[in-house]
Structures are given as structure tokens and as C-alpha cells.
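The following comprises the amino acid sequence and a computationally predicted model.
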Amino acid sequence: MDTKQDSNPACPVPLSAYEQILMAHGGGGTLMHRLLEQVFYPAFGNPILDQQGDGAILAPAGGRLAFTTDSYVVHPLFFPGGDIGTLAVNGTVNDLAMCGARPLYLSAGFIIEEGLPVATLKRVAASMAQCAAAARVHIVTGDTKVVEKGKGDGLFINTSGIGIIEHELVIQPRSLRAGDVIVLSGDIGRHGLTIMAQREGLTFESAIESDCAPLVDPVLAMIKAGIDIHCLRDLTRGGLASGMVEIATTAGRQINLEERAIPVREDVRGACEIMGFDPLYIANEGCFAAFLPERDAALALEILKAHNCNEAACIGTVTAGDAGLVTMTTSIGSRRIVAMLSGEQLPRIC
Amino acid sequence: MNILDDDPLSRQAEVNFSGVTKVVSLAFVPEAEAGHYVIVHAGFAISVLDEQEAAETLALLQQIDEAQKGEIAP
Amino acid sequence: MRYIDEYRDAHLVRGIAGRLAALVTRPWTLMEVCGGQTHAIVKFGLDELLPGGIRFIHGPGCPVCVTPLELIDKANLIAARPEVIFCSFGDMLRVPGTAGDLLTLKAQGGDVRMVYSPLDALKIAHDNPKREVVFFAVGFETTAPANAMTVYQAHRQGVRNFSLLVAQVLVPPALAMLLASPERRFQGLLAAGHVCTVMGYREYEPLAERYGVPMVVTGFEPADIMQGVYLAVKQLEEGRAEVENQYKRSVHRDGNLTAQRLMQDVFTVTTRQWRGIGKIPDSGLKLREPYLAYDAELRFGVSEHRVAESTDCRSGLVMQGAIQPAECPAFGRLCTPDQPLGAPMVSSEGACAAYYRYRPKKL
């Protein structure tokens, strides 16, 4: 610890003496400022944040803007393949990517439970910084609050994001056309199962990790290649099935899926068998579906595979049929309906 | 399957479900050994899969399938 | 997955369906009494692969669904107590009682926890010596050994803060009642593979003979179920009524004797109420004398609590095969998984839930 950095004539007790977050760290006073200086500014440092204004002044180039927000309450905070910080950045970055936007700026609001080790907070901030750099976004404004012990379960994070849309496509469910093909970027089920495994003490031979990752590059590459993307959806809470039902309903179209085409890893299948889960409904954090015209499908797959989406596959089609109906041809060739599940298979998954 | 504990009542094993491992009680299958397949319910193995029978069942099913194909061919 | 995928092979399944079509000469109705089989049938659309005239009836194969309202209410009463940690399989959490379900109780501050095995609950008791841990022991004979073992271990380890709320039921007495009913609609039966793994199938032999109903002990994968149907229909066509074993890779005639011995040590047979059906003599299990200290109803003084069954939910008719879920007027309207009128719409093994999830309308 560098003592010169820690000591300050106004406050004789250096921050490093506090290993845990106290209520005072949320008080708006010296302690809070020290927290920002010791944890957040070094991690997220960028010219806009360094202005330290109440808000960030941004001047993006002209065009449509995408804006999104999400809160992260995952439990446990750390898991194979990521942590609450990686989710907080990638989750919001991906929501922007699903609008076909190039993510630019994020805000980060932290609600911290009294007693959380500062080291934990630093670790999360470092994760966020790493993901932000990889996604080429800046965290430009934020907020910190502390709640009494017992009122917060460690740490909750909210991130909001702004991205810029640099093309003319209208990417939304209503753009779906009968005959569109559905391309899935990768295998499903890993994130939710990773969380579940942590909680239930399952071990995996070949480590199953969360698939948490930014999806910006494959999406922008597809747009740049001229693919006429009609809709994008990342498959988080509720999994592939819920995403499909939501889109079919909003779009007023029918969707047909091919069970055999949907990539699921063997060990994920095995875990689902034991725990009684259906991979279709498990949350993913690095997987998305793209709806596009059939003629663009081959190129889309090529581009996805060139961007680390090795399991990318065509998994279904959009048809004129019953609005909101999602059917699936099962592995034995019969047909069944894919519906919304009520309630949550796995709580606190993201 | 790796056997973890040898006391018959609390005999446990790590059971592998295609790459996922979970600890399961073997209290009801004293004859189970490493390498066996077991049917598991609520954290307990309730039977050791009879691989001979499994093979015979499959063969029988496939026979039915073959016979069916035979009947369809012109 | 080995020993699972092979039995889901499309080719194989259709092959059997074809063979079945060649065999059948009259309409037949088969009952299955296993929630797992119900779900597999609807999920894989097996009933749609059957040749015309062969139908399934989904019997009372879901132990969650047959747990009486009274027991759900007792569970809620116990779980509401501040010193109690109430543990249960996930399904029971959303079954509605008279005044709400366990999940709502959890939202209101009750310590209700989902577990995958009764042993998990015992561990919680070890880890929380100042709290009372209760496990909701629901199930057919398949879970009885696990529950018996847990009580046995608790006793051996001298664990005092653990008890079971027992809701164990037995299949053969319910079957006997259904077989004897003058309104019986089925001619053949698929017996539950995992129940029989534990209990064997000797108990079914006198029933098959007495009522002239062929019974085939069947597994859960699509190919197993289709083969079970094939064998049952073959018997019917040939005028036989025997007990046959399709699930030979797991089931033996005598079952798992180690498990049965423990069950007999810990439990004894008792009369139980089946939700939607009524009282069936000798159809359940309760703890035997030496283990009564582990009975939650006694420990928490709720044994005398009585509740009358509501009439809104027609699950009884569904479970006796009198109507299909979609024929219930409340199906999908007043009764959905979000707002269930009864257990079969909530439980992962319930017939109504299976139909709602995989076949909310005709395809």
C-alpha cells in the first residue's frame, strides 16, 4: 500500500484501514469520496468520468441513439466465467447491440451492503473495467449507495447504456417477415447452469462456465456485410424459449423451431437431466438469435463463425400462421408447442 | 462413478451424468461398483442398470424397427 | 447421454409405431400412472404417433397432485412458524392451499427452501441446530426409501431438530380402486418404471389376474413408452392379461430388497386421502412407532387440522381418466400455472401442466 496516497491531512484514518464497506461510505462525505478515488476512478478512468460532474456531458455524432438499462442482482457474486461486474457491463452492452447499435457509454449505480469487503468491490470494478475496455465503452457516470447490513445481500448494480445506430435498418420484432430464418449464435444453457451448479454444489468434469460475453462485434460485422437483419434478441432470463415467444407475440407471427438443430453441450444436457431443467428456458449471457431473410443465412453463419461463434446454427423459421405461436419439431419428429413458463426456473440468475 | 465412502449406510459415490458429477448415496445398491451405471432418484441410486438387459431391449426395439422397414419395402 | 439418447431415437420410435399399426385391430385405451411418463408422452407427442383407436388416459401418477388440501394447509401452518426451516421439492411450493401456497409464504418472510433430496434437509438441520427443520415427504414408493433413509440416519446421528411431514402414497391400492370401478375406461395399464424399480411387480400380478387387465412395467424414454404400449396392445389383441416387464434394465420382479427392508423398518401402511379422489384404505405410509419423534404433524400439533376439498378443481376427474385436461372448463382460462386451481396444473408431473405447457391448443 502506498502510504502517500492513503494519508490525507483532513482525514487521519486512511481508506486502507477499512477493509469493509461502512454506512459512512455512502454518506456523500470524505469516506465516500475516498471510495470513489480508491476503487472506481482508477478502474473506470476516462476523460468524461474524470470531469466528476453530477452527470456526463456527451456529444455523439448525429444519428439514432439506443438507450437501455438493466439491474444485476446475481447470487453468488462470483462464478466460473464471470461475476456481477462482467454481467453488468456485457448485459447492457448486449442490449445495445441487440438494437443494432454501437455501444458508447455506460452509467453504473452501486447499492452496496454494509460489511462488503472493499477487496470484493475492487475485484468487481476491475472486471467491469476489463469488459468495458473489451467492448470499447466508457463508464462515464455513476452512483454509490450503502444500505445497512441485512438489507442488501452484498452488492446490486444497475447499468444504463447509450449506443449509436450507424445504419438504416429497423431492427425490431415488427420487421419480421414470413420466410425469415432464425440464426442462433451458439450453444445454450451454460450461464444458468453455472449459477445453479455454484449454488447446488455440482461439479463438472470439463468446467461449465457462464457464456457471458459481449456480442457487439458479430452483430456489427453482420450489419456491415449488408445482411438485412430484421430482429435481434439476446436470450437472457427465460432463455431461448421465452425470447421466441415474446418476439412471435410482438411480431404477430408464428415461429417454428427444429429441436435437433439447437446446439446444447453434452454436459449441459446431463446437468439438465439431473436437475429437471429444460435447456430451452435457461438464461444465457453470451448468446443471441438473429432473424433475417433466408438468402442471408449462409453469410450470417460464416460471419458468426469468424467471430468465435463456433456453434452458430439455423434453428428455425418464421411463418405466417398463428400470431404468437411457437412450435417445435422434436427430436423424434413430432411437433409440440413451446410456451412461456410461469415463474422462474432459477431465481437471481443475472 | 467413484466410490467415496465405504460404510454401507453412508456409502456414496460421485456419479457422472455425461460430464456433470454429483454425489449420490449408494445405500440401496450395495452391489454397485465403479464403472456401473445407476438410476438415481432424490439423491439416491435405486438400481444398477443391467447393461445386458439394456442391450437386449435396444436390440429388440431395433428388430421391431427392421421388421417394420422390411414390411414397407416394395 | 448413454442409456438415454438411444431410447429417444426418432427412427426407433416411429418404427415401433408402425409395427403397432400393423398389429392393432380394435380401439384400446391404456392408462399410465406415472407423471414422468405423462410428460414424456405429451412432450414428445407420442400419443399423436399412436395408430387410430389407441388412446392414453393419464391416471393419478403425480404424487404432488394427490396430496390432500389438508396436508398442504398443514405444511403452510408449520412453515409459518418462525423457528421452522421448511424444506421441500420445488413442485410443492406453488400448490395452492386454502390460504395461499408455500412460495407466497416465503415472500412474506417464511424460511422455505427448495431441496433436491431429503438428505439436503438433514444437512440443513445439522447446520442450523437452533432451528426446526421440516421436510415435506411427498411421493410414491420411489421416494420412500430416500425419506426412510433420512429419518434412519437422523435417528442414528441423534439429530433432534429434524422432522418429516409425511405424504407418502402407494400405487397398487389406488390401482385396485380404479380397476374395480364400474366406470373403468381402460383395458390395459403401463406401470411406473421407477416405482417398480423399488417395489418390484409382484403386487400387480394378482390385480392383473383378478381384473383381466394386462400390465406392462414401462420406462420413461419415448422408445420405452412405445414399446410398453406395443406389449400391452399385443396382450390385448391376444386376449392375455399378464404382468410384463419392459424396463428390464432397471426393474426386477422383486424390486430393490435393501430399499424395501428399510422402508418397512421406518414406515408402516396407513389409510390416506387422495386429493380429488377420496380416502383409499392402506394406500399410504406413515412413520412407525420408534420414529414417531420425527413426525412433523405430531411435533407441531397439527394432526387434528381438517379441511374440506374445494369443488372448483376437477383434478380428480382428470386423474381418474374421466376427462382429459383440455376438457375441464377451467383449463387455460380460470386455471393456469400462474393461477392454478389445483395441483395438476402446477406440478411438473401433473397432467394439466403437461398439456398446458406442450399442447395448450390443438396443433
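Arrived safely.

Tell me who's in contact with C:Phe331.
For C:Phe331, the contact set (C-beta atoms under 8 Å, 6 or more residues apart in numbering or on different chains) comprises C:Pro325, C:Cys352, C:Tyr355, C:Tyr356. In short, each C-beta sits where N, CA and C put it, glycine included.

What's opposite it in the beta bridge?
Taking DSSP bridges as the rule, C:Phe331 bridges to C:Cys335.

Pretty sure A:Glu166 sits against A:Arg102.
Yes - counting by C-beta atoms under 8 Å, A:Arg102 is a contact partner of A:Glu166 at 6.1 Å.

For those two, indicate the residue with more neighbours.
Legend: neighbour count by other C-beta atoms under 10 Å in any protein chain shown for A:Glu166 and A:Arg102, higher for A:Arg102 (22 against 14).

Spit out the contact partners of the residue lying closest to C:Arg288 once chain neighbours are set aside.
In space, C:Arg288 comes closest to C:Thr268 once its chain neighbours are excluded; the distance is 4.7 Å by C-beta to C-beta, 6 or more residues apart in numbering or on different chains. C:Thr268 is in contact with C:Leu285, C:Lys286, C:Leu287, C:Arg288, counting by C-beta under 8 Å, 6+ apart.

Please narrow the residues you listed to those residing in strands.
Counting by DSSP state E, the contacts of C:Thr268 place C:Leu285, C:Lys286, C:Leu287 in strands.

how many other residues sit next to the first one?
What that stands for is C:Leu285. The burial count for C:Leu285: 26, using other C-beta under 10 Å.

Over to the second one?
When counting by other C-beta under 10 Å, one arrives at 18 neighbours for C:Lys286.

one step back: out of the contacts of C:Phe331, which touch chain A?
C:Tyr356 (C-beta under 8 Å from any C-beta of the partner chain).

Between the contacts of C:Phe331, identify the one with the most neighbours.
Among the contacts of C:Phe331, C:Cys352 has the most neighbours (other C-beta under 10 Å), with 34 neighbours.

Give me the three-state assignment for it.
Here C:Cys352 is recorded as helix under DSSP: H, G, I helix; E, B strand; the rest coil.

mind checking pLDDT for it?
On pLDDT, C:Cys352 comes in at 86.

can you pull out the helices in the stretch 151-300 of chain C?
C:171-180, C:193-199, C:204-211, C:222-238, C:257-266, C:296-299 (DSSP state H, counting those that start in this stretch).

What parts of the stretch 251-350 of chain A come near chain B?
So the stretch 251-350 of chain A meets chain B at A:Arg265, A:Glu266, A:Asp267, A:Arg269, A:Gly270, A:Ala271, A:Glu273, A:Ile274 (C-beta under 8 Å from any C-beta).

oh, I was asking about the stretch 151-300 of chain C
Counting by C-beta under 8 Å from any C-beta, the stretch 151-300 of chain C sits next to chain B at C:152-153, C:156, C:194, C:197-198, C:223, C:227, C:230, C:246, C:248-251, C:256, C:258-259, C:262.

which of those count as buried?
Listed as buried from those are C:152-153, C:194, C:197-198, C:223, C:227, C:230, C:246, C:248-251, C:256, C:258-259, C:262; burial here means 16 or more other C-beta atoms under 10 Å in any protein chain shown.

what's the distance between A:Ser334 and chain B?
17 Å (C-beta to the nearest C-beta, to the nearest Å).

wait, C:Gly59
C:Gly59 sits at a distance of 20 Å from chain B (criterion: C-beta to the nearest C-beta).

how much space is there between C:Asn161 and C:Ile78?
Look at C:Asn161 and C:Ile78: by C-beta to C-beta, to the nearest Å, they are 13 Å apart.

swap in C:Leu103?
The gap separating C:Leu103 from C:Ile78 is 15 Å, by C-beta to C-beta.

Looking at those two, which is more packed in?
Between C:Leu103 and C:Ile78, C:Ile78 has the larger neighbour count (other C-beta under 10 Å), namely 22 against 18.
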